[in-house]
Structure formats: C-alpha cells, structure tokens
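Student: one predicted model, sequence on top.
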Amino acid sequence: MSETVTGPAGEPVFRVATVADVPALVELVESAYRGEASKAGWTTEADLLDGQRTDPAGVTEAVEDPEGVVLLVERDGELVACCQLERRADRAYFGMFSVRPTLQGGGIGRVVLAEAERVAREEWGVALLEMKVVEQRAELIAWYERRGFRRTGVYSPFPYGDERFGIPRRPDLRFEQLTKELKAV
C-alpha cells in the first residue's frame, strides 16, 4: 500500500506510517492497552500487565521493516487506529492492532482488519493471516473468532523479565496463535 486512501469527511483514511509517525503511534498503542486511558475501551490489558506495551525503537523497527507495513487510520486528520502487517513467505503476520479507547466498539476495528486482510491478500498474494494473542484475553479472542480467525492450540511463552513487553501481573501468561484463511474475492 503506497498511497493514502481517501474518503469523505468523517470516514477513515488509511495511509502507510513513516518514522515521523512513531511518537503518535506509540501513544496510540499505549493508550489502547495500558494504564488508565486504556480502561475507556474494552481491549485493555491493564488487569494483566503493567508497564509499557511498546516503545519507539520497536515501532520504528516495524515502520522501517522492508517486509512489512504499518497502516495508520485517520479520521478528520486525527490518528484513530493502526495495525502492522509483516510478510512471512506465504502468510502475513497481523499485529500492533490498536484503536483509540474512546472509539472502541464503534466498528473502526472491523474496518481496519478488513483493510489489513485486503492488503495481505490482494497486494501481497498471501492466503493466511496469523497473529498472537495473550491466551487470557478471552473476550478479544472471541472477537477475532467472530471475524473468521481460528484458535490453533499453538502457544508461545510470554517474555517474562523483558520489560519492553510489560510487567506481568500474573505468572501464567502465554500467547496463542490465531490464523485466518484469506479467501480470494
């Protein structure tokens, strides 16, 4: 995706993130998942993790990744959502999915996910989207299942001791891999 996708006033506008967007992206991701601000939405991880969700170095790496893209979503010039796609041979990894907490539950997440699927399928030619979700996030996993993702039963450990990913509030966190087949349209 190389250009801005425009829409009528008030409609989501997609564009590819640049390094200049990193501070705003970090703020958005942090607000969607951690701290008091995240509690205004339903995707908060504040009951599971303290500390940061990401940092400028990690977001810069995603923005500059030649095998990926970070999509920004703006409405009336304001950053409201983002996601990361990373090409991995015959599949794409979907991550860093964030919607401003006060807008969660209003449909913007579905629009972002649909655009990410379109980019992966049509522009990259991949047939599978994969992601990792903290297993204890049952409500979030159910949201993804309603959108065609399936649980794989493949788990990976949470990076305990690496505060770049947060400070766990419980000892049993782990990630489950979810996948979705992208059907040709």
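Tutor: Thanks, I have it. Numbering: from 1, shown residues only.

Student: okay, buried residues for the helix or strand of the chain with the lowest mean pLDDT please.
Tutor: Within the chain, no helix or strand scores below helix 35-38, which has a mean of 83 by mean pLDDT, DSSP states H and E. Buried residues in helix 35-38, counted by 16 or more other Cβ atoms under 10 Å: A37, S38. Where C-beta positions appear, they are placed from N, C-alpha and C, glycine not excepted.

Student: keeping just the C-alphas, turn it into CSV.
Tutor: Below are the C-alpha coordinates for helix 35-38, written out as CSV (Å, rounded to 0.1, in the frame of the first residue of the first chain):
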residue,chain,number,x,y,z
GLY,A,35,-2.8,2.4,32.0
GLU,A,36,-5.9,4.3,33.0
ALA,A,37,-6.6,5.6,29.4
SER,A,38,-7.0,2.1,28.2
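
Student: need the contact partners of it.
Tutor: E30, S31, A32, T44, E45, A46, P101 (Cβ atoms under 8 Å, 6 or more residues apart in numbering).

Student: can I assume the second one sits in a helix?
Tutor: Right, S31. Yes: secondary structure of S31, determined by DSSP: H, G, I helix; E, B strand; the rest coil: located in a helix.

Student: sorry, back to before: can you give me the offset of the least confident helix or strand of the chain from its chain's centre?
Tutor: Centre-to-centre, helix 35-38 and its host chain are 17 Å apart (Cα atoms, centre = their mean, to the nearest Å).

Student: can you check stretch 103-114 too?
Tutor: Distance, stretch centre to chain centre, for stretch 103-114: 11 Å (Cα atoms, centre = their mean).

Student: and what of stretch 32-49?
Tutor: With Cα atoms, centre = their mean as the basis, stretch 32-49 stands 14 Å off its chain's centre.

Student: what's the span of it from first residue to last?
Tutor: One end of stretch 32-49 sits 13 Å from the other (Cα to Cα, to the nearest Å).

Student: so which bits of it are buried?
Tutor: By neighbour count on 16+ other Cβ under 10 Å, the buried set for stretch 32-49 is A32, Y33, R34, A37, S38, G41, T43, T44, E45, L48, L49.

Student: gap between the last one and P168?
Tutor: Computed with Cβ to Cβ, to the nearest Å, the distance linking L49 and P168 is 6 Å.

Student: what does A17 give?
Tutor: According to Cβ to Cβ, A17 and P168 sit 28 Å apart.

Student: repeat for E36
Tutor: E36 is 19 Å from P168, by Cβ to Cβ.
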